[in-house]
Structures are given as structure tokens and as C-alpha cells.
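S.K.: quick check, what structure comes out for this input:
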Amino acid sequence: MTQPFPNEPHREPNLARGEGVSLWRQIALSLERAIAEGQSPPGSRLPTEAALAAQHGVNRHTVRRALDSLALRGLIRIEQGRGSFVAEDVVDYRLGPRTRFSEVIRAQNREPEGRVLWVKEIPAEPAVAEALRLHPGRPVLAVERLGLADGRPVVVGRHHFVLPRFAGMDAELQATGSITAALRACGVPDYRRVWTRLTAALPTPEEAETLQQARARPVMVAEALNADAEGRPIDYTLSRYAAGRVQIVIEDGAGHET
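M.R.: Coordinates of the predicted model:
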């Protein structure tokens, strides 16, 4: 459970001015030391920019630069409209022939949650059509879904399902937020990962807001194809993982490309 950060967790002497170390860097070092010494535990909220500026006698721009530097290093996470928090432990996200979000998260004694952000029919772009063995432009069911662990966003994925085969999965998705349950309701009791391609990219502003991370911090991008027991493609997915909260682990036998 997130605990509030005390108003003055680590009172420093006045910043050393004119001694070759920039003020923002001194503030960053002060906050980093508080984190390392356990005064600022994982998940705790940092003081506001205004409070830190008043504490150190600097302007908010200087404080913001210090916080941004810590966010880029993965020591804190900045949530738009909520503030800055000390980063929690990293989730080991295992990719294998049978990757299931809920199973991966529960295996680490964390509580999984899936939130369907939107569902709509869209024309298949060339990459989607090629993976699903469709003609470009043919309608597919697109699902944008956010995966959380203990209430923290860890991945946002855009799934593409073959139509008309999966035209009826919308209701199950909205009810459970589970891709596996929705596929089961459409007659696919199990499926396997065919391949995964891993890259990195900067998030869009919308993705950064959804994942509650800094816009300048890269995300891990996983392009993946799943197939049913007969080997027919059913789901082409583009997932973006919050790099500061997720570590990708490739299991033996996992189909992947890098």
C-alpha cells in the first residue's frame, strides 16, 4: 500500500552554491540518498515540487530537473496530476510459448488486473494483415487493454482479432477484462505464442499518461502473434511495457525475434 512521504523526509543543510555542482544535481543526490537509506520506501510519495523548492530555496524548474533525472534512471516515477513516487520492485515478465498476463503476475505474489480501454473494428494495417494472414484493409477487432500489477500499470497492449470469428468477444471482455476468458467464450480454450519481437521506443504522450511514467523514458515494445491449437493466427498484439517496472524474461522454448 502506498504510504505518504513525510513533508521533510531528509533535511539537508543549505545547498552548496558556486562549488561546481549544479543545484538540481545536489537535490537529486539528496533524494537518491534518502531512497538508498530507506527513508523513502518503495511506493512512497515524494514532497511536491513546491515543497522541495521551499525546502532548498530554489525555483520549481530546478526541482523539476532533479526529479526528471531520477525518473530517467528509474528511481522514481512521475504520475501526471498525482505527483512523484519512489519506484517499486521490478516485475519479472516471462515470455514463453504460453504467456498469460494473470498467471505471470500471480506467480510473483502480486494481484493482476486487466482494464479494457476500448474495443472497435478497424481496417487491418499491412503488418496486422500479414501476421493474421488477411488481405490488407479487412476489418479486425481491435482491443486496447491495460494490465496492472497491485494497481500499478505495467503494460498497455493493442490486440487485433480475426473477424468474424471473434465478433462476439466484446461482452466477455467488458465483463472480465480477460483476453483468455474472452477467447475461451469464443471457442478457443487454449492458444500459444508463435513469435515475439522485442524493441524499444519512446512512448506517445497518451501511452506515457496511461502507464504513469515520464514521457522521456523509453518503453519496451513487444510485437507478438498468438495462434490456436490448429496453428491458425488469432491475435496480433503490440504491447508497450513500462521499462522502469518490468523486466522481460525469455523462457526456454519461447518463439521470439529481437
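
S.K.: first to last residue in stretch 222-239, what's the distance?
M.R.: 5 Å (Cα to Cα, to the nearest Å).

S.K.: how about stretch 218-233?
M.R.: 29 Å.

S.K.: sort out which residues of that stretch are buried, please.
M.R.: For stretch 218-233, burial by neighbour count (16 or more other Cβ atoms under 10 Å) applies to Pro218, Val219, Met220, Val221, Ala222, Glu223, Ala224, Leu225, Asn226, Ala227, Asp228, Pro233. Yep, even glycine has a C-beta here, placed from its N, CA and C like the rest.

S.K.: next one: stretch 75-92
M.R.: Leu75, Ile76, Arg77, Ile78, Gly83, Ser84, Phe85, Val86, Ala87, Glu88, Val91.

S.K.: which of the residues you listed sit farthest apart?
M.R.: Farthest-apart pair in the buried residues of stretch 75-92 is Gly83 and Val91; separation 21.8 Å (Cβ to Cβ).

S.K.: now the helices for this structure?
M.R.: Applying DSSP state H to the chain gives helices spanning 23-36, 49-56, 60-72, 101-106, 126-132, 170-176, 179-185, 205-211.

S.K.: quick one, what contacts the nearest residue to Val143 once chain neighbours are set aside?
M.R.: Distance criterion Cβ to Cβ, 6 or more residues apart in numbering; nearest residue to Val143, sequence neighbours excluded, is His159 at 4.4 Å. Neighbour list for His159: Ala142, Val143, Arg145, Ile179, Asp235, Tyr236, Thr237 [criterion: Cβ atoms under 8 Å, 6 or more residues apart in numbering].

S.K.: pipe those into TSV and attach distance to Leu29, pLDDT and neighbour count per row.
M.R.: Output for the contacts of His159, formatted as TSV (distance: Cβ to Cβ, whole Å; pLDDT from 0 to 100; neighbours: other Cβ atoms under 10 Å):
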residue	distance to Leu29	pLDDT	neighbour count
Ala142	45	97	18
Val143	44	96	23
Arg145	39	94	22
Ile179	44	90	26
Asp235	46	96	26
Tyr236	45	98	26
Thr237	41	96	21
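
S.K.: now the residues you listed in TSV, with distance to Ser22?
M.R.: Listed next are the contacts of His159 as TSV, based on distance: Cβ to Cβ, whole Å:
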residue	distance to Ser22
Ala142	46
Val143	46
Arg145	42
Ile179	47
Asp235	49
Tyr236	47
Thr237	43
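
S.K.: wait, which of those is closest to Phe166?
M.R.: Using Cβ to Cβ, the contacts of His159 come closest to Phe166 at Asp235, 8.6 Å.

S.K.: surely that closest one touches Asn226?
M.R.: Yes: using Cβ atoms under 8 Å, Asp235 is in contact with Asn226, at 4.3 Å.

S.K.: next, count neighbours for the residue nearest to Phe161 when sequence neighbours are not counted.
M.R.: Leaving aside its chain neighbours, Phe161 sits nearest to Leu141 (4.3 Å; criterion: Cβ to Cβ, 6+ apart). Neighbour count of Leu141, defined by other Cβ atoms under 10 Å: 22.

S.K.: need the contact list for Leu141.
M.R.: Counting by Cβ under 8 Å, 6+ apart, Leu141 touches Val119, Lys120, Glu121, His160, Phe161, Val162, Leu163, Phe166, Ala167, Met169, Asp170.

S.K.: whichever of those count as buried, I'd like them selected in ChimeraX; how would that read?
M.R.: A single ChimeraX command selects the buried members of the contacts of Leu141 (16+ other Cβ under 10 Å):
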select :119,160,161,162,166,169,170
